[in-house]
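Undergrad: Sequence below, structure please.
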Amino acid sequence: MKRIKKYITPILIIAGLLLAIIFILSNNKDKLDAKAEIGSTKTLVFPVTITSPKYQSLTGTYSSSGFFIPVNSMTLTSDISGRITATTLKDGSMIRKGQNIVSVYNEVENIERQQNAIDRHLAVETLQKAKLDLSKMENMLKSNAITSREVEDQRLAVTSAEAKISTLSSIRKSTTINAPISGTVHKSYVQSGSYLSPGTLLADIVDNSSLKLQIPLLDKDVIKLSIGKKIEVVPDLYPNSKITGIVVYIAAQADANRNFMVEVQIPNNSKSPLKAGMSGTAIISNDNIQNAMMIPVRAIVGSLQDPQVYILKGEKAVLTKITTGHVQGDNVMVLIGLAQTDRIIETGQLNINDGSTVEVIK
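TA: Below you'll find the predicted structure:
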């Protein structure tokens, strides 16, 4: 009996402790379940800012970069033969149209010129004698000393002498080459003492008095241009300078990159001189003013190829698909999908999903 009582007391103590632990755990579980139930009833609210679509007048201004080329340039070749006795063709030298730039000497042609001069002198004397004889014969005809047929034959002799002089004058050999255009000698290929033949390269001549800016344009842009349209050109060397140019060429066919080459001619001046090969930008304005609905680009969700925005309806953000047009600065044109009264979420949309509850902050 005493041994049984000895074991019963510890057992009762342990059982009491177990019951106390079970009660505490059960009580804690009820509290956790209550908290979880309260938490499940709370809704996350995300802060956002909003904007509304605005109508703006767009001129359709866009730009394209390119390089300047000379309006006039050529590779000059010789059309005569002989050895150069004098030339002004030096790299970097300025020449004027019509200026004597090359003088040559050809011994064979020099002999031919001398013989031509002798033949022409004889032909002139022959013509003078034929005219004198014709005058005498016309007087003799009046006194019936000769026939009219003899007079006509003498008139033919005068005509023949005149034709021979004209022929001899036209076959004079040239000893000089004159500049066909004004400009700067970019590169000279000859010097005094060089021997020329027809087709020999003489020099590359570049006229920088006016230049053309070559720019590539896409079909949607080039279709708006026409020959004679005025366009502003900004040389990269002088970013604060704007020069008014004129469209002088529009390619009839696109290149391999689907671009159409356009040339805009501008004058060159001494205050901001330009050279062929320099770069510049053409600023092209569309004359048709368009009134378009615009929203900030940063309000777009996704990309401009598949644009969407969040519209605020009540306290909910509703994801809406739209159709966009041209981007101008920080704004993009909206073609389809929005009304001017819509409230568009501009910032904070990265943290939300379609149907999220949001709070507008200032």
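Undergrad: Which stretches in the stretch 251-362 of the chain count as helices?
TA: Counting by DSSP state H, counting those that start in this stretch, the stretch 251-362 of the chain has no helices at all.
Undergrad: Now do Ala15, the pLDDT please.
TA: Ala15 is assigned a predicted lDDT (pLDDT) of 66.
Undergrad: I should have written Gln56 there, sorry.
TA: 82.
Undergrad: is it true that it lies in a helix?
TA: No: using DSSP: H, G, I helix; E, B strand; the rest coil, the assignment for Gln56 is strand, not a helix.
Undergrad: Does it touch Val332 like I think?
TA: No: Gln56 lies out of contact with Val332 (Cβ atoms under 8 Å); the separation is 11.1 Å. Bear in mind the C-beta positions are built from the backbone N, C-alpha and C, glycine included.
Undergrad: out of the two, which sits in the more crowded spot?
TA: For Gln56 versus Val332, neighbours defined as other Cβ atoms under 10 Å are more numerous around Val332 (22 against 13).
Undergrad: Tell me what that one is bridged to.
TA: Taking DSSP bridges, one finds Ile295, Val327 as the beta-bridge partners of Val332.
Undergrad: which ones are touching it?
TA: Met294, Ile295, Pro296, Val297, Ile300, Leu304, Pro307, Thr324, Gly325, His326 (Cβ atoms under 8 Å, 6 or more residues apart in numbering).
Undergrad: What distance do you get for it to Ser303?
TA: Distance, Val332 to Ser303, using Cβ to Cβ, to the nearest Å: 11 Å.
Undergrad: now do Thr61
TA: Relative to Ser303, Thr61 is positioned 24 Å away (Cβ to Cβ).
Undergrad: and what of His186?
TA: Distance of His186 to Ser303, computed by Cβ to Cβ: 48 Å.
Undergrad: which regions of the stretch 51-200 of the chain lie under the pLDDT threshold?
TA: Applying pLDDT under 70 to the stretch 51-200 of the chain picks out residues 58-60, 107-115, 168-174.
Undergrad: Let me see the ranges of the strands in it.
TA: Listed in chain order, the strands found in the stretch 51-200 of the chain under DSSP state E, counting those that start in this stretch are 54-58, 62-77, 82-87, 94-95, 100-105, 176-178, 183-188, 195-196.
Undergrad: which other residues reach the fourth one?
TA: What that stands for is strand 94-95. Here strand 94-95 makes contact (Cβ under 8 Å, 6+ apart) with Thr88, Leu89, Ile101, Ala179, Ser182, Gly183, Thr184, Val185, Ile205.
Undergrad: what's the answer for the last one, then?
TA: Defining contact as Cβ under 8 Å, 6+ apart, one finds that strand 195-196 is touched by Ser78, Ile80, Ser81, Gly82, Arg83, Ile84, Val102, Val104, Val190, Leu202.
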